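Trainee: Below are the sequence and a predicted model; questions follow.
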Amino acid sequence: MAQGDLLVFPTETVYGLGVDAENKSAVARMYAIKGRPSTHPVIIHISSKQLVSYWASEIPNYASELMDKFWPGPMTLLLKRTDRAKDFITGGQDVVGLRVPSNEIAQNLLQEFESFGGHGVAAPSANRFGSVSPTTAKDVEVELGQFLGEEDVIIDGGPCEVGVESTIIDCTGKLPRILRLGAVTEAMINEISPIDRDDNLSEIRVSGSLSRHYSPRAKVFHDREPNEGEGLIALSKIQTPAGVFRLSAPDSIEEYARTLYSSLRSADTQGLRAVVALMPEGDGLAAAIRDRIFRASAE
Ligand code: TXA
Ligand code: MG
């Protein structure tokens, strides 16, 4: 990666498509492979809190406490950048997104990269723009295999533990604001600080918050029963109507999150034209799942 190669690696959330965050041409190649507009910012992954001040110039107390409490883990913080975080990383915005993943392979990789003088790995989810994030190495291969070169490597770390992307928290204001729901939940953040809930305040663009995102080719519905020949994703307590293809039947909210994206993908591999994903009830991770289902089903 220090030579500008691309490395697909597992994290606890989803697989990432990693490049040296300080190598402009490698970042450009990563954007091209992803098919993502260059104005969209990308998260920088670091091995520990120690590198935060390299990339971020202002760190409010609550942000520092969030780091101590939830890193390493599925949380990304948006902070005022230093001039080391270039426009090709931040999409020209004045903030940088930082995350310390807990996955052991990701940790080892970052530590090794830093021991050779690197300062961070820029990595979006390893899918084509707008599509479902991959949670297994196989899904990455299907999604990006044809776009990767000989030198590019996919590390197989098995299925991701969490299964939905990190919680994104805007830490540029007086209070933290949640821009993307994830496994670090509102209730968990609230233990550290009150949350800013004003939807109109943030100027920050987050592409996962475009409404249509995280979609498979199959049309996704969430607000009706499945018809014959369609797929169904729902908690195991919900029965499968006759003639419907059951794509997953998770027993818990955690299992629902972990299997959601692979289940959506399986609708495509089975050639289904429509899939119904029934929303789980509850706060926390259930809310993150509803958010992703909602986006996957958006027009
Ligand atoms: O769990 C995750 O966050 C995964 C793993 C690989 O770490 N990564 C991920 O990256 O989901 P990506 O690029 O697919 O989604 C990151 C989101 C995007 O919506 C992007 O706009 C936002 O984070 N983001 C990243 N840096 C930002 C910045 N400087 N300012 C505003 N938004 C930012
Ligand atoms: Mg993504």
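Mentor: On my side now, so go ahead. Ligands and ions are numbered 1, 2, ... in the order given.

Trainee: The longest helix seen in the chain and ligand 1 in contact?
Mentor: Longest helix of the chain, by residue count under DSSP state H: helix 253-269. No - using Cβ under 6 Å from any ligand atom, helix 253-269 never reaches ligand 1; the gap is at least 11.4 Å. Glycine gets a C-beta too; all of them are placed from N, C-alpha and C.

Trainee: packing partners for that helix?
Mentor: helix 137-144, strand 231-233, strand 245-248, strand 274-277, helix 285-296 (3 or more Cβ pairs under 8 Å, 6 or more residues apart in numbering; DSSP states H and E).

Trainee: Take these and write them to CSV, including mean pLDDT, mean neighbour count and distance to ligand 1.
Mentor: CSV is the format used below for these (pLDDT from 0 to 100; neighbours: other Cβ atoms under 10 Å; distance: least, Cβ to the nearest ligand atom, whole Å):
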stretch, mean pLDDT, mean neighbour count, distance to ligand 1
helix 137-144, 95, 20, 11
strand 231-233, 98, 25, 21
strand 245-248, 98, 20, 21
strand 274-277, 98, 23, 19
helix 285-296, 96, 21, 11
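
Trainee: which one of these lies closest to residue 66?
Mentor: Closest approach to residue 66 among the helices and strands packed on helix 253-269 (Cβ to Cβ): helix 285-296, 16.9 Å.

Trainee: export that closest one as CSV, just CAs?
Mentor: Coordinates of each C-alpha in helix 285-296 appear next as CSV, following Å, rounded to 0.1, in the frame of the first residue of the first chain:
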residue,chain,number,x,y,z
LEU,A,285,-28.9,-1.0,16.0
ALA,A,286,-32.5,-1.7,15.0
ALA,A,287,-32.7,2.0,14.0
ALA,A,288,-29.5,1.7,11.9
ILE,A,289,-31.0,-1.4,10.1
ARG,A,290,-34.3,0.5,9.4
ASP,A,291,-32.2,3.4,8.0
ARG,A,292,-30.3,1.1,5.6
ILE,A,293,-33.5,-0.8,4.5
PHE,A,294,-35.2,2.6,3.9
ARG,A,295,-32.3,3.8,1.7
ALA,A,296,-32.1,0.5,-0.2
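
Trainee: Alright, calling it a day.
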